[in-house]
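Asker: my questions are about this predicted structure, shown below with the sequence.
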Amino acid sequence: MSEALDQFRHEVRDWLAQNFPKSLAGRGIEPFGGVEGEATIPEDASLWRDRLGDKGWGTPTWPAVYGGGGLSVGEAAVLSDEMHQVGAINPIPLLAGMGVTMVGPTILEYGTEEQKKKHLPGICSGKVRWCLGLSEPNAGSDLASLQTKAEDNGDRWVINGQKIWTSGANISQWCGALVRTDSSVAKRDGISFLLLPMDQPGVETRPIKLIAGASPFCETFFNDAEAEKTDLLGKHNDGWSVVKRLLQHERASQTGARPTSNKSAQPIQALAKAYCGSEPDGTLSDKDLRSRIVDHLMHTKAHGLTIARISAEAKGNPEVSAAASILKNSATRVSQDRAELLLEVMGHQGIGWDGDAFSEDELENVRGWLSGKAISIYGGSFEIQNNIIAKNILGLPETTQKG
Ligand SMILES: Cc1cc2nc3c(=O)[nH]c(=O)nc-3n(C[C@H](O)[C@H](O)[C@H](O)COP(=O)(O)OP(=O)(O)OC[C@H]3O[C@@H](n4cnc5c(N)ncnc54)[C@H](O)[C@@H]3O)c2cc1C
């Protein structure tokens, strides 16, 4: 490690010692989670959010002039490492909704100076939450068929239509929405990307309950909703280019194969022994289960190594590319296989919904297994990622319907 990075590590350690509330150590996202937004954040968590936001370290590599930390990729890695050492998490990507992972990076690339100054500091502070209004009842995988319309009334954009599956719409302050601005041209050529405030009379949200119990997403209705003329991101009728880039950022944020429950953070082989029994030599008694767990662990390792290889090839350049589709699909497979295996390992104990007969981890496991089904749908389904890989990476001919 270079001397400069070593010095930076000491700076980070001192800062964390003075600013990270010890009451939050090791508590993960729990104090920042919930579906009610700001109202549910306890005092120590909001203090940590504010201190991290003021320093810009919630979005460490974003330019300091817009509220980011202005750090190099190496410095950001040191920061992340030191936060891990003291049991601190960075809650800002969670609190900003789609702001840090998707809308912000797209504004950085396509936004005007005015848009960057207006929107990025709120995202960096973790106080302004963003949702994404892309999907519609008749436009999911075939997103370009969207019908929500934005009309220029001279002073403002006026938006009418309906979005669906809008994650966090009921607790977000802003929405990045894909809208039709010209119906007379080929469908991909008449779409624009608008930034609009959610807190206005023309916007209504209705939460949809998921099978795992929570209501993290909504139907969103625009009824003469309004957006500033200056809040068109990218060029008029060029929203398709903007959203293609945004979706690459979305996939890149979904490549880590996050555990779907607390329990899954423990080694699956240890859980299997505890639930299913082992031989005197320490091997798992059920040989078939054993070989499937080994298979899963090999896929997990290969996924991790592929992420490391792609990052090394990018030489620390955090640019996203079509490779995000490969990683999203392999992350999906690893996550869903793990959840299925855990369910099998736990047997009846793994499918309880409530009651004293089940431990907290067992109850969480079934919710993780159910909510994990969504991974192969959101951010573009498994099949759609395969289409992108076929066309953009393997160079195979287009066989799907063209817009
Ligand atoms: C938890 C969750 C959160 C979400 N959050 C958001 C959000 O915040 N904002 C937002 O805008 N959207 C969001 N979505 C919506 C998501 O992007 C869509 O569900 C997804 O793009 C699929 O669209 P659809 O549901 O209309 O399915 P459809 O497009 O109707 O697809 C149905 C099935 O057909 C397959 N299929 C469709 N077309 C093809 C093709 N050409 N080739 C091969 N197979 C095909 C699909 O793979 C799928 O299996 C979210 C979804 C989920 C589950």
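Answerer: Looks like it arrived, so ask away.

Asker: any idea how far Lys22 lies from Asp44?
Answerer: Per CB to CB, to the nearest Å, Lys22 is found 9 Å from Asp44. C-beta here means a position set from N, CA and C on the backbone, and glycine is covered the same way.

Asker: oh, I was asking about Thr220
Answerer: In this view, Thr220 and Asp44 are 33 Å apart by CB to CB.

Asker: of these two, which one has the most company?
Answerer: When Thr220 and Asp44 are compared for neighbours, Thr220 comes out ahead with 27 against 15, by other CB atoms under 10 Å.

Asker: so that one: helix, strand or coil?
Answerer: Of the three states, Thr220 takes strand under DSSP: H, G, I helix; E, B strand; the rest coil.

Asker: pLDDT at it, what is it?
Answerer: Thr220 is assigned 98 on the pLDDT scale.

Asker: give me the mean pLDDT for stretch 176-190.
Answerer: Mean per-residue pLDDT for stretch 176-190: 97.

Asker: only the buried residues of it, if you could.
Answerer: Applying a neighbour-count criterion of 16 or more other CB atoms under 10 Å, one finds 176-181, 187-188, 190 buried in stretch 176-190.

Asker: can I get these in a markdown table with distance to Thr59 and secondary structure?
Answerer: Output for the buried residues of stretch 176-190, formatted as a markdown table (distance: CB to CB, whole Å; DSSP: H, G, I helix; E, B strand; the rest coil):
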| residue | distance to Thr59 | secondary structure |
| --- | --- | --- |
| Gly176 | 17 | strand |
| Ala177 | 22 | strand |
| Leu178 | 24 | strand |
| Val179 | 27 | strand |
| Arg180 | 32 | strand |
| Thr181 | 30 | coil |
| Lys187 | 34 | helix |
| Arg188 | 31 | helix |
| Gly190 | 33 | helix |
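
Asker: tell me which two of the residues you listed sit farthest apart.
Answerer: Largest separation among those by CB to CB: Gly176 and Lys187, giving 19.4 Å.

Asker: sorry, back to before: the ligand: which of the buried residues of stretch 176-190 is nearest?
Answerer: Proximity of these to the ligand (CB to the nearest ligand atom) peaks at Leu178, which lies at 7.9 Å.

Asker: OK, contacts around that closest one?
Answerer: For Leu178, the contact set (CB atoms under 8 Å, 6 or more residues apart in numbering) comprises 133-134, 143, 146, 148, 191-194, 239, 243.

Asker: again, only using 7 Å
Answerer: Residues counted as contacts of Leu178 (CB atoms under 7 Å, 6 or more residues apart in numbering) are 133-134, 146, 191, 193, 239, 243.

Asker: same thing with Phe217?
Answerer: By CB under 7 Å, 6+ apart, the neighbours of Phe217 are 165-167, 169, 208.
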